[in-house]
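> Need coordinates for the below:
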Amino acid sequence: MPAPGDDPAGRRVFFALWPDAEAAETLSGWARRAHAACGGRVMRPDTLHLTLAFLGTVSHERVAELAALLDDAALIGGTLRLDRYGRFRGPQIVWAGPSAPPPWLDALHGWLWRALARRGHVRPDESFRPHVSLLRRAGPGGLDTLPAPEPLEWTPRRCVLVASAPRPDGSFYEILAERPLRVP
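The predicted structure is shown next:
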């Protein structure tokens, strides 16, 4: 069933790891410091996330199928050390990410894409670069002028399916389904 303001063709959806309030606040501090060097639009704390799989616009019927994918999954998590800034020049994104992604994150990403492939979704060609977007439309300012951020040891507690709807002040995200991560 379409939500108010949704595209009748479907919803833009993605799977992500969602930070708790404390991690989001720390990442917001990183974003403010990066903004001082690069400009751009700072991501709101309630929109910060680490994307595992972006699927684009999916029919409303398929959204329900994707939500069900999480129902019976036994998802293993762990701790992720975010310790550096990075930049995607094309889309002008400044992000926070790990210098060395932990094995559990690669395993979760791989499991998710295998499950999605069985349902007809095509994995993108580019390699997985785990990150949390901090700024959009960032200017050319140098991240190299910033001191290294204080590392954030983040233990994500849930994997979520999210719908994204564009708004004038940035996208609005609605969590459609979630599954706790089991942390050994």
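
> Any idea how many residues pack against the nearest residue to residue 70 once chain neighbours are set aside?
Nearest residue to residue 70 in three dimensions, chain neighbours excluded: residue 179, at 4.0 Å (Cβ to Cβ, 6 or more residues apart in numbering). Quick note: C-beta positions are derived from backbone N, CA and C, even for glycine. Counted by other Cβ atoms under 10 Å, the residues lying close to residue 179 total 18.

> Wasn't residue 179 part of a strand?
Yes. According to DSSP: H, G, I helix; E, B strand; the rest coil, residue 179 belongs to a strand.

> After the helix or strand where residue 24 lies, which helix or strand is next?
Residue 24 belongs to helix 21-38 when assigned by DSSP states H and E. Later in the chain than helix 21-38, the nearest helix or strand by DSSP H and E is strand 41-42.

> So what touches that next one?
Strand 41-42 has contacts (Cβ atoms under 8 Å, 6 or more residues apart in numbering) with 28, 31, 32, 35, 134, 135, 136, 137, 170.

> Pull out the buried members of the residues you listed.
28, 31, 35, 134, 135 (16 or more other Cβ atoms under 10 Å).

> Please enumerate the helices of this protein.
21-38, 60-69, 103-117 (DSSP state H).

> nearest to residue 9, of those helices?
Taking Cβ to Cβ, helix 60-69 is the member of those nearest to residue 9, at 8.7 Å.

> Alpha carbons only: can I get the closest one in CSV?
Backbone C-alpha positions of helix 60-69 (Å, rounded to 0.1, in the frame of the first residue of the first chain) are rendered in CSV as follows:
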residue,chain,number,x,y,z
HIS,A,60,4.9,-1.9,-3.4
GLU,A,61,4.4,-5.7,-3.6
ARG,A,62,8.1,-6.3,-3.7
VAL,A,63,8.7,-4.1,-0.6
ALA,A,64,6.6,-6.5,1.5
GLU,A,65,8.7,-9.4,0.1
LEU,A,66,11.9,-7.5,1.1
ALA,A,67,10.6,-6.9,4.6
ALA,A,68,9.8,-10.6,5.0
LEU,A,69,13.5,-11.4,4.1
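
> from the chain's centre, how far out does it sit?
19 Å (Cα atoms, centre = their mean, to the nearest Å).

> neighbouring contacts of it?
Identification of contacts with helix 60-69 by Cβ under 8 Å, 6+ apart yields 1-2, 6, 10-11, 13, 15, 55, 58, 115-116, 119, 161, 163, 176-177.

> I'd like the mean pLDDT over that helix, please.
Averaging pLDDT along helix 60-69 gives 92.

> and that helix, which residues are buried?
Result for helix 60-69 [16+ other Cβ under 10 Å]: buried residues 62, 63, 66, 69.

> likewise stretch 29-39?
30, 31, 33, 34, 35, 37, 38, 39.

> Distance check, residue 143 against residue 81.
Distance of residue 143 to residue 81, given as Cβ to Cβ, to the nearest Å: 18 Å.
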